[in-house]
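[1] Give me a 3D structure for the following:
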Amino acid sequence: MNASAALNAHTASSERRGRHSAVPEQLEKLLSFEQSVTLTAKSQFGWTLAFVRRPLFQDVEVVIQNPERTEFMAIEEDGSTRPFYNVRSGDFR
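    Presented below is the predicted three-dimensional model:
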């Protein structure tokens with residue numbers, strides 16, 4: 001792949017998000033208390049924040065990943081977790 005193709009591929013993947021980063025700078029303002037407690041507890045076991053989805057007119061969706069990046073979990077508003085399968089492997093290169 002040449003340099004212009006690589007640049008176009010990067011631009012196409014970031015257009016969906018616009019100018020927002022995968023992890024917002026002021027994350028604590030977006031999270032509920034229960035979500036922040038769960039995120040802190042999971043981080044003690046090596047889980048990290050993968051990204052935060054901010055769909056229009058819907059609740060924020062917080063997605064974490066295990067250290068091997070093989071499992072993803074969404075943290076619900078009440079702090080509970082559920083498996084998250086809608087992840088493209090190309091998003092994390």
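
[2] Cross-check the contact I'm expecting between Ser32 and Ile75.
    No: assessed by C-beta atoms under 8 Å, Ser32 is found out of contact with Ile75, at 9.1 Å. Heads up, the C-betas are built off the backbone N, CA and C, glycines and all.

[3] Compare the two and say which one has the larger neighbour count.
    Each of Ser32 and Ile75 has its neighbours counted (other C-beta atoms under 10 Å); Ile75 has more, 27 against 16.

[4] Please look at that one and Thr81 and confirm they touch.
    Yes: if you go by C-beta under 8 Å, Ile75 and Thr81 touch, sitting 5.6 Å apart.

[5] got any residues that touch both of the two?
    Shared contacts of Ile75 and Thr81, defined by C-beta atoms under 8 Å, 6 or more residues apart in numbering, are found at 38, 42, 64.

[6] In CSV, list these along with distance to Phe57 and neighbour count.
    Shown next, in CSV, are these (distance: C-beta to C-beta, whole Å; neighbours: other C-beta atoms under 10 Å):
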residue, distance to Phe57, neighbour count
Thr38, 24, 22
Lys42, 28, 18
Ile64, 24, 20
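
[7] With respect to Phe51, which of those residues is nearest?
    Nearest to Phe51 out of the shared contacts of Ile75 and Thr81 is Ile64 (C-beta to C-beta; 9.2 Å).

[8] Tell me how far the closest one lies from Asn86.
    Ile64 sits 14 Å away from Asn86, going by C-beta to C-beta, to the nearest Å.

[9] quick revisit: tell me which of the shared contacts of Ile75 and Thr81 fall in strands.
    Ile64 (DSSP state E).
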